[in-house]
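Chemist: predicted structure and sequence below. I'll ask about it afterward.
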Amino acid sequence: MRRIRCHYPSGEAFLEAFRAPGEDNALQVFTTERFEPGEELLAELFFTGLPGKMIVRAIGKKWQNARPRLRVRAAGVLRCTGSEWRKVLFLREVAAGNQTMLQRRRHVRQPVLVEVRWRRARDPDFVAASVSEISEAGALLLTPEPLEIAEEIIVEIAPPGSTRPLELQAVVRNNDNPDGPGVEFVARDMGGVHRIREVIRRFVDE
C-alpha cells in the first residue's frame, strides 16, 4: 500500500481542510503525490507544531492537478472510516487546541485492518476480532468483549502467505478507544521482534 505525505503549514490550515461542503468523513489534502479515486493509501498527516506525524488508512476520493497560472495547488480529498476517522478527528481537536498530542511512541503503529483471534491467558477458547493498528510493541484490538487493564491475553495473527499463525502474549494497557483496548506485546514466539516486523511489513504491503 502506497504512503503519501500530507503536510499543512499550520493547525489552522488543517482545520480548513475539513470544510469541503457535502464531504462526509473526508479531508482535503495538499500533496504532489497523485492518487486515484478508490485507491487505498496510507496518509501521513502533519502540521507545524504537532509533536509527531499521524498515519491513517484512507481511500482516495477526488484529485485535482495543479494549475500554476491560477495559483491552484495540486490537491485531493481522502475518505476515512471507523477508527481511522476518529484518529483524524482527534488530530482536529489537537489543531483546535482542545486536546494535547503526546510525543510519538517509540514504535510507530501502522494502520491496518486484519482479522485475528484472541483468548484470555487461562481460557482455551478464542474470540474472533480485528486489529486496526499494530507495531512491534503493541496493537489496537477491535473486540466487543470487555477487557480489564493489566489483563493478560494471547493474540493469534495469521501472517499473509503463512501456514502457521503467530501467537503473541499481550497485556491490556488502556481502554481509551471505544472500539477496543490497546495492548502491549510482552512475549513473542520463535523469531522474536524480527518476525513481527516482517508480519507488519506484509500487512502494510498488501
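Modeler: Yes, it's here.
Chemist: how about Pro178, what does it touch?
Modeler: By Cβ atoms under 8 Å, 6 or more residues apart in numbering, the contact list for Pro178 reads Arg86. C-beta: built from backbone N, CA, C; applies to glycine.
Chemist: Pro9 against Thr48, yeah?
Modeler: Yes. Counting by Cβ atoms under 8 Å, Thr48 is a contact partner of Pro9 at 5.8 Å.
Chemist: tell me the pLDDT of the residue of the chain positioned farthest from its centre.
Modeler: In the chain, the residue that sits farthest from the middle, by Cα atoms, centre = their mean, is Arg69; the gap is 36.9 Å. Arg69 is assigned a pLDDT of 75 by the prediction.
Chemist: what's the answer for the one 5 residues further on, then?
Modeler: Each residue has a pLDDT score; the one for Ala74 is 81.
Chemist: that one: what's its closest spatial neighbour, skipping adjacent residues?
Modeler: Ala66 (4.0 Å; Cβ to Cβ, 6 or more residues apart in numbering).
Chemist: any low-confidence regions in this protein?
Modeler: Scanning the chain with the threshold set as pLDDT under 70 gives 19-23, 70, 72, 101-111, 187-194, 202-206.
Chemist: quick one, strands of it?
Modeler: Counting by DSSP state E, the chain has these strands, from start to end: 2-8, 26-30, 40-47, 54-64, 75-79, 110-120, 127-134, 138-142, 152-157, 166-174, 182-188.
Chemist: and this protein, what are its domain boundaries?
Modeler: 2-95, 110-205 (automatic domain parsing).
Chemist: before we move on, the earlier item: mean neighbour count, the strands of the chain: which tops it?
Modeler: Highest mean neighbour count of the strands of the chain: strand 138-142, a mean of 24 (counted as mean count of other Cβ atoms under 10 Å).
Chemist: list the neighbouring strands of that strand plus their orientation.
Modeler: Partners of strand 138-142 in the sheet, by DSSP bridges, are strand 127-134 (antiparallel), strand 182-188 (antiparallel).
Chemist: dump the ones you listed to TSV, plus distance to Arg201.
Modeler: Shown next, in TSV, are those (distance: least, Cβ to Cβ, whole Å):
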stretch	distance to Arg201
strand 127-134	11
strand 182-188	16
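Chemist: for Arg120, give me its contacts.
Modeler: Counting by Cβ under 8 Å, 6+ apart, Arg120 makes contact with 151-154.
Chemist: for it, give the beta-bridge partners.
Modeler: According to DSSP bridges, beta-bridge pairing links Arg120 with Ile153.
Chemist: on that earlier part again, of the contacts of Arg120, closest to Val131?
Modeler: Val131 has its nearest neighbour among the contacts of Arg120 in Ile153, at 12.5 Å by Cβ to Cβ.
Chemist: I figured the closest one was touching Ala139, is that so?
Modeler: No. Look at Ile153 against Ala139 with Cβ under 8 Å: they stay out of range, at 11.0 Å.
Chemist: isn't Ala128 up against Glu115?
Modeler: Yes. Under the criterion of Cβ under 8 Å, Ala128 makes contact with Glu115 at 7.1 Å.
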